[in-house]
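Undergrad: have a look at this prediction, sequence included:
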Amino acid sequence: MENTLFDDLLQSLKEAKAIAKGEAKASRRFELEPTDVKAVREQIGLSQSEFASLMRVSIKTLQNWEQHRRNPTGPAAALLKIVSTAPDVVLKSLHV
C-alpha cells in the first residue's frame, strides 16, 4: 500500500475514534424521521393483511412497525417511501 494512502486511512481511523469518543464532531450528520407505516397503509386503503402481503412481510412485522416497536430498514424502508410518494405507481406495478 502506498504510504500516502496508508496515512489517509490512518487519519480517517483517528478521526472516527475521536468522533466516537465525543472529542470531535462529525462533518455530516443525517437524521431520518421514521415512516408512519400505519398512515401509509391507510393512505392507500389496504387492510393490514393486504399491506403485509404487498410489502412481503408477516402481519406481525407490519404490526410491530405500526406500533413503533420496530422500524423498517433497507429495502422495506425504501419501498415504504415509494408507496407514500407514488401509491398508484406501486399498486399498478405490484398488481394489487
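TA: Nice, I can see it. These numbers come from a predicted model, not from an experiment. Numbers count the residues shown, from 1 in each chain.
Undergrad: which intervals of this protein have sub-threshold pLDDT?
TA: For the chain, the stretches with pLDDT under 70 are 1, 96.
Undergrad: now the strands for it?
TA: In the chain, no segments count as strands under DSSP state E.
Undergrad: quick one, helices of it?
TA: Counting by DSSP state H, the chain has helices at residues 3-20, 37-44, 48-55, 59-66, 74-85, 87-93.
Undergrad: would you list those in TSV and tack on distance to A26 and mean neighbour count?
TA: Backbone N, C-alpha and C define where each C-beta goes, glycine included. Output for those, formatted as TSV (distance: least, CB to CB, whole Å; neighbours: other CB atoms under 10 Å):
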stretch	distance to A26	mean neighbour count
helix 3-20	5	11
helix 37-44	29	17
helix 48-55	32	17
helix 59-66	28	17
helix 74-85	22	15
helix 87-93	34	12
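Undergrad: now render these as CSV, adding distance to S27.
TA: Putting the helices of the chain into CSV (distance: least, CB to CB, whole Å) gives the following:
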stretch, distance to S27
helix 3-20, 9
helix 37-44, 32
helix 48-55, 35
helix 59-66, 32
helix 74-85, 24
helix 87-93, 35
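Undergrad: closest one to E31 among these?
TA: Minimum separation from E31 across those (CB to CB) falls at helix 74-85, 14.3 Å.
Undergrad: what angle separates the closest one from helix 59-66?
TA: Helix 74-85 and helix 59-66 are oriented at 70 degrees to each other (axes from the mean of the first three to the mean of the last three CA atoms, to 10 degrees).
Undergrad: which residues touch helix 74-85?
TA: When contacts are defined by CB atoms under 8 Å, 6 or more residues apart in numbering, helix 74-85 is touched by residues 35, 37, 39-40, 43-44, 54-55, 57, 71-72, 89-90.
Undergrad: try 6 Å
TA: 35, 40, 72, 90 (CB atoms under 6 Å, 6 or more residues apart in numbering).
Undergrad: what about dumping the CA coordinates of it to PDB?
TA: Taking C-alpha atoms only, helix 74-85 is exported to PDB below (Å, rounded to 0.1, in the frame of the first residue of the first chain):
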ATOM      1  CA  GLY A  74     -33.300  -1.400   4.000                       C
ATOM      2  CA  PRO A  75     -35.500  -2.300   1.000                       C
ATOM      3  CA  ALA A  76     -38.700  -2.200   3.100                       C
ATOM      4  CA  ALA A  77     -38.000   1.400   4.200                       C
ATOM      5  CA  ALA A  78     -37.300   2.300   0.600                       C
ATOM      6  CA  LEU A  79     -40.500   0.700  -0.700                       C
ATOM      7  CA  LEU A  80     -42.500   2.500   2.000                       C
ATOM      8  CA  LYS A  81     -41.100   5.800   0.900                       C
ATOM      9  CA  ILE A  82     -42.100   5.000  -2.700                       C
ATOM     10  CA  VAL A  83     -45.600   3.800  -1.500                       C
ATOM     11  CA  SER A  84     -46.100   7.100   0.400                       C
ATOM     12  CA  THR A  85     -44.900   9.200  -2.600                       C
END
